[in-house]
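Novice: 3D, please:
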Amino acid sequence: MLTLTLSNEDNVAVARTALAKDVLLPEHRGLACRSDVPQFHKVAIKSIAKGQPVIKYRQVIGVALTDIAAGEHVHDHNCGMTDERIAPATKAKTAELPPDIETSFEGYLRADGEVGTRNYVGIITTVNCSASVAKAIEQYYSQAEVAGRYPNVDGVIAITHGSGCGMNKGEGYELLMRVCAGMSQHPNFGGVMLIGLGCEVLQLSALLDALPDDVRKRSNTLVIQEQGGTRATIEAGIEKMAVLCEVSNTLSRTPQPVSKLRVGLQCGGSDALSGITANPALGRAMDILTSLGGTAILSETPELYGAEQMLRARAASDEVADKLNDRLAWWREYAGKNGAQLDNNPSPGNKAGGLTTILEKSLGAQAKGGTSTMTDVVAYAQLIRKSGLVIMDSPGYDPVSVTGQMASGANLICFTTGRGSVYGSRPAPSIKLATNTPMYEKMTLDMDYNCGEIFDGEISLEDAAVEIYRTIVRVASGEKTKSELHGIGALEFLPWPVGAVL
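Specialist: Predicted coordinates for the structure are as follows:
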């Protein structure tokens with residue numbers, strides 16, 4: 001077959017390969033293409049009158065801007081936005097577990113009961129002014145001779161940012177405080193060093209007050225102005241870090257239940273296959289995880305616009321559904337204040353990959369969350385206390401979104417991409433899932449799994465989901481991802497920059 005039709009109710013199909021004008025589509029009764037259709041783009045398989053909905057996934061992805069004849073290429077030249085939605089026919093489902101599925105992984109049990117998939121020692125900065133000191137300490141401990149003294153420590157990493165001062169104690173301050181507090185108690189850190197300048201708005205003493213007692217016990221602090229300046233603080237930091245590394249080096253992996261896994265779900269550089277291969281396969285893998293008590297964290301709230309009806313139908317309660325409605329209302333207001341609209345998305349790369357509207361993109365994006373119950377909706381970087389599928393509010397910008405997920409407690413990230421994102425993260429490892437085979441073969445050194453084989457007919461969606469789940473368990477147990485092998489993740493930490501800079 002030259003095309004893929006996702007539902008009998010759809011009036012568009014996806015081109016498996018580039019289709020030339022006049023080529024016949026035997027699966028659609030010999031329908032002739034009326035124009036060239038790029039690979040993975042949409043072709044109309046039924047006539048669609050102007051003003052009528054364009055249907056894909058059994059859902060509305062747009063409205064015809066002109067009369068569209070069967071066989072025409074359907075994209076942004078003839079398909080636009082609409083407020084129309086179709087209520088889903090099904091609600092939340094409970095996954096059937098495959099036989100012999102892994103129910104445990106090898107992780108680092110922390111004193112608070114959380115479990116790390118890595119054993120880093122972190123350096124958390126309260127302000128940009130302490131970033132260079134933190135990086136200098138990190139660089140000292142990255143030397144092979146020094147790192148070799150602590151074989152059970154994955155590394156010393158500095159978590160730096162560009163804020164912490166020049167701000168008032170409003171929304172931006174509270175958000176940054178949540179990020180710093182969340183990262184200070186991240187389960188992938190065996191210990192943390194907190195470094196401030198001394199005169200910043202986000203004071204080190206306030207950060208310490210926000211941390212639990214057990215986290216304060218496995219951390220130490222430095223204030224540059226009290227220490228006597230840059231050089232003195234670096235020297236003191238190197239000395240104090242040795243103690244943290246020695247303690248962390250005594251830790252080892254032990255069998256832990258997969259219910260201790262919190263997986264952040266991301267998609268970047270999406271294409272038309274994102275919602276057909278990688279995202280639904282990842283979603284089914286998350287159904288396995290959540291059925292075993294684990295947590296899937298779906299974010300990028302602007303990219304859920306147009307698919308909110310799918311999530312609301314799976315909410316654990318009206319209260320949870322209302323939380324999602326409130327966040328989407330906030331985003332519409334926020335976008336309007338900044339002269340934008342939520343349907344300004346997709347990006348040029350998304351459109352080149354065959355996505356036309358934010359509705360189409362969102363319907364594919366929400367598939368990462370699987371079909372299980374939506375148990376909660378939380379604020380950006382808010383610690384997650386419930387298992388199951390949780391929405392953590394965030395922008396669609398990948399570094400900002402993943403930063404929030406890690407601060408919320410994600411100890412592993414799964415990242416789908418169709419155009420070829422090279423994103424990586426620390427301290428939570430990032431598994432990269434390719435949506436299509438051509439991109440995977442071109443960028444195989446960056447991709448961890450090829451979901452394009454689903455589209456190629458080489459593997460079923462269900463079997464791919466099991467393989468993704470098993471990849472998650474292996475990575476959680478210590479197997480390195482491609483981005484880890486490349487050393488990517490040092491520059492991707494980026495808290496959401498909300499609020500006035502004064």
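Novice: Which residue, neighbours along the chain excluded, lies closest to residue 280?
Specialist: Among residues not flanking residue 280 along the chain, residue 367 sits closest, at 4.4 Å (CB to CB, 6 or more residues apart in numbering). C-betas here are computed from N, CA, C, even on glycine.
Novice: what sits against that neighbour?
Specialist: 275, 279-280, 282-283 (CB atoms under 8 Å, 6 or more residues apart in numbering).
Novice: what about 6 Å?
Specialist: Taking CB atoms under 6 Å, 6 or more residues apart in numbering, we find residue 367 in contact with 275, 279-280, 283.
Novice: quick one: which of the residues you listed is nearest residue 313?
Specialist: Closest approach between these and residue 313, by CB to CB: residue 283, at 14.7 Å.
Novice: what's the closest of the contacts of residue 367 to residue 143?
Specialist: residue 279 (40.9 Å).
Novice: immediately after the host helix or strand of the closest one, which helix or strand?
Specialist: Element membership for residue 279, per DSSP states H and E: helix 278-291. The helix or strand immediately downstream of helix 278-291 is strand 295-298, counting by DSSP H and E.
Novice: before we move on, the earlier item: save the contacts of residue 367 as TSV, and put in distance to residue 409 and neighbour count too.
Specialist: Formatted as TSV, the contacts of residue 367 follow (distance: CB to CB, whole Å; neighbours: other CB atoms under 10 Å):
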residue	distance to residue 409	neighbour count
275	27	31
279	22	27
280	25	24
283	20	24
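Novice: got a list of contacts for stretch 274-282?
Specialist: So stretch 274-282 is contacted by 267, 363-364, 367-368, 414, 416, 418, 433, 435, 451, 454-455, 461, 464-465, 468 (CB under 6 Å, 6+ apart).
Novice: Which ones among those residues lie within strands?
Specialist: Taking DSSP state E as the definition of strands, these contribute 267, 414, 416, 433.
Novice: Looking at the contacts of stretch 274-282, which are in helices?
Specialist: Using DSSP state H, the subset of the contacts of stretch 274-282 located in helices is 363-364, 454-455, 461, 464-465, 468.
Novice: Which of the residues you listed are buried, as a PyMOL select command?
Specialist: In PyMOL syntax, the buried subset of these is picked out as below (16 or more other CB atoms under 10 Å):
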select buried, resi 363+364+454+455+464+465+468
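Novice: Could you let me know which of the ones in helices among the contacts of stretch 274-282 ends up closest to residue 207?
Specialist: Closest to residue 207 out of the ones in helices among the contacts of stretch 274-282 is residue 468 (36.3 Å), distances taken as CB to CB.
Novice: what does the helix or strand bottoming out on mean pLDDT in the chain contact?
Specialist: Every helix and strand of the chain was ranked by mean pLDDT, DSSP states H and E. The lowest is helix 213-217, at a mean of 86. Around helix 213-217, the neighbours that count as contacts under CB under 6 Å, 6+ apart are 111-112, 185.
Novice: And that helix, what's buried?
Specialist: Residues of helix 213-217 classed as buried by neighbour count (16+ other CB under 10 Å): 215-216.
Novice: Let me know the next secondary structure element after that helix.
Specialist: Next along from helix 213-217, by DSSP H and E: strand 219-223.
Novice: Number of residues surrounding residue 397?
Specialist: The number of residues packed near residue 397 is 14, by other CB atoms under 10 Å.
Novice: The nearest residue to it once chain neighbours are set aside: what's it in contact with?
Specialist: Nearest-residue entry for residue 397: residue 494, 7.9 Å, with adjacent residues in sequence omitted and distances by CB to CB, 6+ apart. Contacts for residue 494 were tallied using CB under 6 Å, 6+ apart; they are 399-400, 403.
Novice: how near is the closest residue to residue 87 other than its chain neighbours to residue 85?
Specialist: In this structure, residue 87 finds its nearest non-sequential neighbour in residue 309, 5.8 Å apart by CB to CB, 6+ apart. Separation of residue 309 from residue 85 (CB to CB, to the nearest Å): 5 Å.
Novice: Can you name the residues in contact with stretch 294-303?
Specialist: 258-259, 261-265, 286, 290, 327, 331, 342, 362, 365, 369, 387, 389-394, 396, 401, 405, 410.
Novice: got the angle for the top strand by length along the chain vs strand 219-223?
Specialist: Taking DSSP E as the criterion, the chain has its longest strand at strand 189-196. With axes from the mean of the first three to the mean of the last three CA atoms, to 10 degrees applied, the angle from strand 189-196 to strand 219-223 works out at 20 degrees.
Novice: Could I have the CA atoms of strand 189-196 written out in CSV?
Specialist: The C-alpha trace of strand 189-196 is given here as CSV (Å, rounded to 0.1, in the frame of the first residue of the first chain):
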residue,chain,number,x,y,z
PHE,A,189,22.0,12.6,43.3
GLY,A,190,23.8,10.7,46.1
GLY,A,191,24.8,14.1,47.6
VAL,A,192,24.5,17.8,46.7
MET,A,193,26.6,21.0,47.2
LEU,A,194,24.6,24.2,47.3
ILE,A,195,26.5,27.4,46.3
GLY,A,196,25.4,31.0,46.5
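Novice: Direction included, what does it pair against?
Specialist: strand 120-125 (parallel), strand 219-223 (parallel) (DSSP bridges).
Novice: Give me the below-cutoff pLDDT ranges for the stretch 351-500 of the chain.
Specialist: The stretch 351-500 of the chain contains no residues with pLDDT under 70.
Novice: returning to what we had before: would you turn the contacts of helix 213-217 into TSV with neighbour count and pLDDT?
Specialist: Formatted as TSV, those follow (neighbours: other CB atoms under 10 Å; pLDDT from 0 to 100):
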residue	neighbour count	pLDDT
111	11	92
112	13	92
185	24	96
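Novice: Adding secondary structure, write the residues you listed out as JSON lines.
Specialist: Listed next are the contacts of helix 213-217 as JSON lines, based on DSSP: H, G, I helix; E, B strand; the rest coil:
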{"residue": "111", "secondary structure": "coil"}
{"residue": "112", "secondary structure": "coil"}
{"residue": "185", "secondary structure": "coil"}
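Novice: how about the helices in the stretch 351-500 of the chain?
Specialist: 358-365, 398-408, 437-442, 452-456, 461-476, 482-485 (DSSP state H, counting those that start in this stretch).
Novice: Next, the contact list for residue 251, please.
Specialist: Residue 251 neighbours (CB under 6 Å, 6+ apart): 108, 119, 190.
Novice: any idea what sits nearest the residue nearest to the spatial centre of the chain, other than its immediate chain neighbours?
Specialist: Among the residues of the chain, the one closest to the centroid is residue 266, at 2.4 Å (CA atoms, centre = their mean). Counting by CB to CB, 6+ apart, residue 415 is the residue found nearest to residue 266 once chain neighbours are left out, at 4.5 Å.
Novice: now residue 204
Specialist: For residue 204, ignoring the flanking residues on the chain, the nearest one in space by CB to CB, 6+ apart is residue 196 at 3.8 Å.
Novice: roughly how far apart are that neighbour and residue 123?
Specialist: Per CB to CB, residue 196 is found 12 Å from residue 123.
Novice: try residue 340
Specialist: According to CB to CB, residue 340 and residue 123 sit 36 Å apart.
Novice: if we can go back for a sec, identify the bridge partners of the residue nearest to residue 204.
Specialist: residue 223.
Novice: Could you tell me how far it is located from residue 394?
Specialist: Counting by CB to CB - residue 196 and residue 394 are separated by 26 Å.
Novice: what's the answer for residue 480, then?
Specialist: Distance from residue 480 to residue 394, counting by CB to CB: 26 Å.
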